[in-house]
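Novice: Fold the following and give me the result.
(one chain, ligands or ions: 1)
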Amino acid sequence: MTPSILTAHRLLKSYDRAPAPALDEVSIQVAAGESVAIMGPSGSGKTTLLHALAGIVPVDAGQVTFHGPTGAVEVSSLSESRRSALRRDHFGFVFQQGLLIPELTAVENVSLPLLLAGYRRQDAESRAASWLDALGLAGMGGRRIGELSGGQAQRVAIARAQVTGASIVFADEPTGALDSATSVEVLDALLGSTVGQGRTLVVVTHDEDVAARCARIVRLRDGRIRDDSAPRGAAATGGPRFAGAGWSADEDGSL
Ligand SMILES: Nc1ncnc2c1ncn2[C@@H]1O[C@H](COP(=O)(O)OP(=O)(O)OP(=O)(O)O)[C@@H](O)[C@H]1O
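Specialist: Here you go, the predicted structure:
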């Protein structure tokens with residue numbers, strides 16, 4: 001059996017002034033290398049669950065444990081600064097709008113986490129360029145974000161999320177702002193660069209087509225898990241292996 005990379009046990013989370021808990025006794029295990037879609041109606045707690053799993057929001061009760069390369073870490077009991085170090089070192093994030101810096105080029109945006117981690121600029125930029133190439137953006141590294149299409153910009157965000165070697169990528173509506181053809185391309189890139197390389201993907205989505213490409217769909221309603229199963233009808237298609245012989249990112253994010 002594949003070991004869990006992330007486990008959550010009976011998570012409770014209430015926001016001030018909210019009439020009902022956003023998470024009400026949610027327990028979930030995510031296996032290493034798995035792709036999990038989190039679905040449910042608006043307000044059902046999807047983003048809160050993603051943020052709780054990733055240590056972005058503290059929970060009121062329950063535990064989140066990350067089974068990382070150096071052993072198990074109880075995310076929910078860490079201080080804010082240790083949670084933020086954990087996120088920086090092990091987790092990657094992709095949001096609906098990539099939150100890229102428009103004044104910087106694609107390669108500069110992807111290099112940023114490496115520069116913050118202490119890499120020399122030349123090394124950071126060459127590593128960033130390799131990621132952009134692998135995501136089908138060869139030759140576009142010098143363009144500013146505004147000079148890219150929505151789908152290209154989202155692939156830059158996918159590169160940035162993983163360039164430091166994230167073992168889990170958390171994505172919140174990564175295709176929500178894209179048309180359906182572009183969504184497919186971006187999802188291919190996201191799946192191919194995560195589960196296609198043995199990494200783990202947890203993705204919040206409203207889109208059944210996105211969820212159907214994941215190995216598992218967790219459906220929330222009113223802060224509780226109502227269903228947790230494989231997509232109906234077919235095994236998850238996962239993502240394509242990246243073109244180019246030997247594309248594989250090692251643990252520190254190099255290609
Ligand atoms: N910062 C906050 N302060 C107060 N209430 C919040 C906050 N964030 C979320 N909530 C409430 O918690 C509940 C769950 O919100 P959450 O954003 O997790 O749902 P969601 O399923 O991701 O919704 P959507 O699909 O609309 O993004 C909702 O009732 C929401 O109003």
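
Novice: What are the boundaries of the helices in this protein?
Specialist: Ranges of helices within the chain are 46-53, 80-90, 106-116, 121-134, 150-162, 180-193, 208-212, based on DSSP state H.

Novice: Of all these, which one comes closest to P3?
Specialist: Among these, the nearest to P3 by Cβ to Cβ is helix 80-90 (15.3 Å). Quick note: C-beta positions are derived from backbone N, CA and C, even for glycine.

Novice: how far off helix 106-116 does that closest one point, in degrees?
Specialist: Interaxial angle, helix 80-90 versus helix 106-116 (axes from the mean of the first three to the mean of the last three Cα atoms, to 10 degrees): 130 degrees.

Novice: I figured S27 was touching R10, is that so?
Specialist: Yes: the criterion here is Cβ atoms under 8 Å, and S27 meets it with R10 at 5.5 Å.

Novice: Overlap of the contact sets of those two?
Specialist: G62 (Cβ atoms under 8 Å, 6 or more residues apart in numbering).

Novice: ok, T205 - contacts?
Specialist: With Cβ under 8 Å, 6+ apart, T205 has these contacts: A37, I38, M39, E173, P174, T175, G176, A211.

Novice: Pull up the gap between the nearest residue to G176 once chain neighbours are set aside and the ligand, please.
Specialist: Closest residue to G176 apart from its sequence neighbours, by Cβ to Cβ, 6 or more residues apart in numbering: Q96 at 4.2 Å. Distance, Q96 to the ligand, using Cβ to the nearest ligand atom, to the nearest Å: 10 Å.

Novice: same check, this time on T65
Specialist: Relative to the ligand, T65 is positioned 21 Å away (Cβ to the nearest ligand atom).

Novice: beta partners of A8?
Specialist: Using DSSP bridges, the bridge partners assigned to A8 are I28, V64.

Novice: wait, doesn't it sit right on Q63?
Specialist: Yes: contact criterion Cβ under 8 Å: A8 and Q63 qualify, at 7.2 Å.
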